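[1] Dropping the sequence and predicted coords here.
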Amino acid sequence: MNTQEIANQLVAVCKAGKFEDAQVLYAPDAVSVEASAPPGGQREAVGLAAIKAKGEWWVANHEVHSMQVAGPWPHDDRFIVGFRFDVTMKPTGKRFTMEEMALYTVKDGKIVREEFFYSGGA
């Protein structure tokens with residue numbers, strides 16, 4: 001698959017709320033980088049198992065009330081997707097809106113890197 005096809009597939013599964021289905025689009029050694037480390041975690045997750053664990057942490061700690069996905073916007077071997085979440089942080093009960101942009105890098109038909117850009121957070 002080329003970058004546009006991967007971008008379109010990623011956006012489709014995200015819009016459907018099936019983030020776990022996106023795993024097939026990633027290289028086994030893909031890297032996920034957050035703008036800041038989650039509580040008790042690290043900024044970087046390396047490999048599919050670590051990326052999956054990061055997603056499981058998100059689900060366990062957030063109640064998503066609504067979500068919007070925008071894009072993709074491709075550029076050579078990269079593309080950007082925009083996300084907006086209305087969520088409640090389960091441990092604190094704090095409800096907030098989170099907006100972030102994600103930059104994905106594709107190599108050999110797989111996502112090899114994702115970087116999330118956002119300010120503040122919970």
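    Good, I have the coordinates. Note that the structure is predicted; figures quoted are calculated from it, not measured.

[2] For the lowest-mean-pLDDT helix or strand in the chain, name the packing helices and strands.
    Least confident helix or strand of the chain, by mean pLDDT, DSSP states H and E, is helix 48-61 with a mean of 90. Packing partners of helix 48-61 (3 or more Cβ pairs under 8 Å, 6 or more residues apart in numbering; DSSP states H and E): strand 26-33, strand 44-46. Where C-beta positions appear, they are placed from N, C-alpha and C, glycine not excepted.

[3] Any idea which of these gets closest to Phe83?
    strand 26-33 (13.8 Å; Cβ to Cβ).

[4] Okay, now the unreliable bits of this protein?
    The chain contains residues with pLDDT under 70 at 120-122.

[5] just the helices in the chain please.
    3-15, 48-61 (DSSP state H).

[6] so how far is the shortest one from its chain's centroid?
    Centroid separation between helix 3-15 and its chain, computed with Cα atoms, centre = their mean, to the nearest Å, is 12 Å.

[7] Report the buried residues of that helix.
    3, 6-7, 9-11, 13-14 (16 or more other Cβ atoms under 10 Å).

[8] which one of those residues is nearest Asp29?
    Using Cβ to Cβ, these come closest to Asp29 at Ile6, 16.4 Å.

[9] got the contact list for the closest one?
    By Cβ atoms under 8 Å, 6 or more residues apart in numbering, Ile6 lies in contact with 25, 79, 104, 106, 109-111.

[10] ok, back up a step: now the least confident helix or strand of the chain against strand 26-33, angle please.
    Interaxial angle, helix 48-61 versus strand 26-33 (axes from the mean of the first three to the mean of the last three Cα atoms, to 10 degrees): 60 degrees.
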